[in-house]
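Peer 1: When you get a sec, could you give me coordinates for this:
(one chain, ligands or ions: 2)
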Amino acid sequence: MSTEIPEEFTAIGVVDFKKWLEPKEFTYKPRPARSYDVDIKVECCGICGSDVHLASGAYGEIFVPMGAGHEIIGEVIRVGDGVKKLKVGDRVGVGAQCDSCGECVRCSNHHENNCRNHVLTFGGFYKDVNLPTQGGYSDYYRGSEKFMFKIPDSLESKYAAPLMCGGITGFRPLLTAGVKKGTRVGVSGIGGIGHMTILFAKALGAEVTAISRNHNKEELAKQLGADHYIATSDEDFEVKNFDSLDVIVNTASAYEKSLMNRVLQLLVPFGHFVAITAPKAGEMIEIDPLVLLRNNIIFSGNMIGSPGDIEHLLKFAAENKIKPWVEEISISESNVSKAWKRMKAGDVKFRFVLTDYNKCFK
Ligand code: ZN
Ligand code: ZN
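Peer 2: Ligands and ions are numbered 1, 2, ... in the order given. The predicted model follows:
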């Protein structure tokens, strides 16, 4: 009992890195199906900051054509013989990772997201068949059931989509840092991931401080539920707010050197600073070791989450009625172009979700 699957899927993406802001429709052959692979008909897909980073070649010009999108929601239309947890008709999500080796120590310990042989959902590569991976700006998607997750019925697709990458990226560090009722959490950067991190931290019972470069987002931060606001443009902000935070999740791309060292002083001894977004390839984070020492700061990084983390996130989001702020955009070449341009300009509150797939892909 399965819908007929076309031999080629149709996607929208970069066909020429010199004209990356003019994405085009193209067709591609999905990887040969493995026994544990699942085919889905895509319903919607969030636009993550990584889409723009990879499409613009910020991490190198990887390959063309490249269909972006790793916040995919769709309906299962075919399952392989070895598929155990999903069935045709299920509504599922796929995040930034679509495979791992399954054999190394990290995979065995449920750190699949840190597997050295992880495969990215788009912009990645299946070595076994020598094929690049294509993402969710596409009519269909094929991938391993291990990195596909059933969406709880009460969670609307447009809200579930941004959770698949941005949501887990903001949620996982809060768990790592042991955030609970009363923890004082700073969320630096009020954008796609940052706004979801504020929503999650509030749902965990934390007292939340939004941290931004200036006062422009103060009102928005309050609407998101933040209790306090720190603008790093304010003179002596670190002196006035010394020891005010137990945890900082940095969702902003970068801090120039001196600013990072000032922000770290907001933390209490043994406070956690978690970096979850990467600046452009080659850019470094610069920290004065004495700032780390004097304040006993725990500095860490986080890359998305494991399949187990994502299951936990979806359950938590459904129970706590987490609703990311989304703007729906009907998928088409021109609308993807517009959305990417607006992302570049920071003109989004706070996540685009591509919809209307049936209108675009006949
Ligand atoms: Zn592995
Ligand atoms: Zn992402």
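Peer 1: Could you check the worst-scoring helix or strand of the chain on mean pLDDT and say which residues are buried?
Peer 2: Lowest by mean pLDDT, DSSP states H and E among the helices and strands of the chain is helix 257-263, with a mean of 87. For helix 257-263, burial by neighbour count (16 or more other CB atoms under 10 Å) applies to Leu259, Met260, Asn261, Arg262, Val263. Just so you know, the C-beta spots here come from the backbone N, C-alpha and C atoms, and that holds for glycine as well.
Peer 1: As CSV, these with distance to Pro30 would be great.
Peer 2: Shown next, in CSV, are the buried residues of helix 257-263 (distance: CB to CB, whole Å):
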residue, distance to Pro30
Leu259, 45
Met260, 43
Asn261, 48
Arg262, 49
Val263, 44
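Peer 1: Around ligand 1, which positions in the stretch 101-250 of the chain sit nearby?
Peer 2: Applying CB under 5 Å from the ion, one finds that the stretch 101-250 of the chain approaches ligand 1 through Cys101, Cys104, Cys107, Cys115.
Peer 1: which of these count as buried?
Peer 2: Buried subset of those (neighbour count, 16+ other CB under 10 Å): Cys107, Cys115.
Peer 1: out of the residues of the stretch 101-250 of the chain next to ligand 1, who's nearest Lys24?
Peer 2: Nearest to Lys24 out of those is Cys115 (CB to CB; 32.8 Å).
Peer 1: for the closest one, what are its contacts?
Peer 2: Residues near Cys115 by CB atoms under 8 Å, 6 or more residues apart in numbering: Ser100, Cys101, Cys104, Arg106, Cys107.
Peer 1: Repeat that for Ser306.
Peer 2: Listed by CB under 8 Å, 6+ apart, the contact partners of Ser306 are His110, His111, Glu112, Asn113.
Peer 1: again with His53
Peer 2: For His53, the contacting residues are Tyr59, Lys280, by CB under 8 Å, 6+ apart.
Peer 1: Any buried residues in whichever strand or helix holds Glu311, and which?
Peer 2: If you go by DSSP states H and E, Glu311 is part of helix 307-319. Buried residues in helix 307-319, counted by 16+ other CB under 10 Å: Pro307, Asp309, Ile310, His312, Leu313, Leu314, Phe316, Ala317, Ala318.
Peer 1: excluding its backbone neighbours, what's nearest Phe26?
Peer 2: Pro65 (4.3 Å; CB to CB, 6 or more residues apart in numbering).
Peer 1: related to what we said a few turns ago, could the buried residues of helix 307-319 be laid out in a markdown table, adding pLDDT?
Peer 2: Listed next are the buried residues of helix 307-319 as a markdown table, based on pLDDT from 0 to 100:
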| residue | pLDDT |
| --- | --- |
| Pro307 | 98 |
| Asp309 | 98 |
| Ile310 | 98 |
| His312 | 98 |
| Leu313 | 98 |
| Leu314 | 98 |
| Phe316 | 98 |
| Ala317 | 98 |
| Ala318 | 98 |
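Peer 1: What ranges does the stretch 101-250 of the chain have for its strands?
Peer 2: Here the stretch 101-250 of the chain has its strands, by DSSP state E, counting those that start in this stretch, at 119-120, 125-126, 131-132, 140-144, 148-150, 184-188, 207-212, 228-231, 245-250.
Peer 1: who touches the fifth one?
Peer 2: Contacting residues not belonging to strand 148-150 are listed as 38, 40, 85-86, 90-95, 164, 307, 310-311, 314 [CB under 8 Å, 6+ apart].
Peer 1: Identify, from these, the entry nearest to Ile285.
Peer 2: Gly95 (24.6 Å).
Peer 1: pLDDT score assigned to the closest one?
Peer 2: pLDDT for Gly95: 98.
Peer 1: Contact partners for it?
Peer 2: His70, Glu71, Ile72, Thr121, Phe147, Phe149, Met164, Cys165, Ile168, Ile304, Ile310.
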